[in-house]
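>>> I would like to see how this sequence folds:
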Amino acid sequence: MGGFNTDIGQLDDFVLQVDAKSMASVKDSACAIIYRAQDTDNYYFFLVSAGYKSYQVGKFVGDVESTLIKWTESSFINTDTANNRIKIVCQGSQMQFYINEQYLNTATDFSFSKGYVGLGATGGSESGFYPWLQPSTKTNVVFDFLNIYAP
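Got it, this is the predicted structure:
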């Protein structure tokens, strides 16, 4: 799915904004924002699928996945190879999610109060959208204009 960057240190309250563009029209693919990561088995993720015009928020704790916001369709998500501006606002246990300057949803969780951030891309198979179980080489996402700042 991706990794995280330890060079900037662990972040607690922050706003992360980045532009993401899929370089191929692959329906079973998504860009991934990883945040408040402790290690490779413990982190939150925000997935945006242009192919399905949908998003999901979840977490891994001890390498066990939990869903915070199930896959939800949104007309605010641009399709195919169009650019999507993704934004996450984390303050305490509350996390707000935006796409293309439009509010999507809020999740509350107390698992991780700070951690590393990262970007990634993920692709799945036609049989189901769980790409970390069935990796695909079809996915290619370009990220640009990454900004991280205090809320």
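
>>> which secondary element of the chain has the worst mean pLDDT?
When the helices and strands of the chain are compared on mean pLDDT, DSSP states H and E, strand 116-123 comes out lowest with a mean of 87.

>>> and that strand, what does it pack onto?
strand 14-22, strand 29-39, strand 141-149 (3 or more C-beta pairs under 8 Å, 6 or more residues apart in numbering; DSSP states H and E). The way it works is simple: take the backbone N, C-alpha and C, and place the C-beta from them, glycine included.

>>> how long is stretch 96-108 end to end?
Stretch 96-108 has an end-to-end distance of 9 Å (C-alpha to C-alpha, to the nearest Å).

>>> run a quick neighbour tally on residue 66.
11 (other C-beta atoms under 10 Å).

>>> my error: substitute residue 8 in the last question.
10.

>>> please apply the same query to the one 10 residues further on.
Number of residues near residue 18 (other C-beta under 10 Å) recorded here: 19.

>>> any idea how far residue 87 is from it?
From residue 18 across to residue 87, the span is 8 Å (C-beta to C-beta, to the nearest Å).

>>> what of residue 116?
On the measure of C-beta to C-beta, residue 116 and residue 87 end up 18 Å apart.

>>> need the pLDDT of residue 126.
pLDDT for residue 126: 44.

>>> could you number the chain from 49 rather than 1 from now on?
Got it, first residue is 49 now, which makes that one residue 174.

>>> isn't residue 67 up against residue 193?
Yes - contact criterion C-beta atoms under 8 Å: residue 67 and residue 193 qualify, at 4.8 Å.
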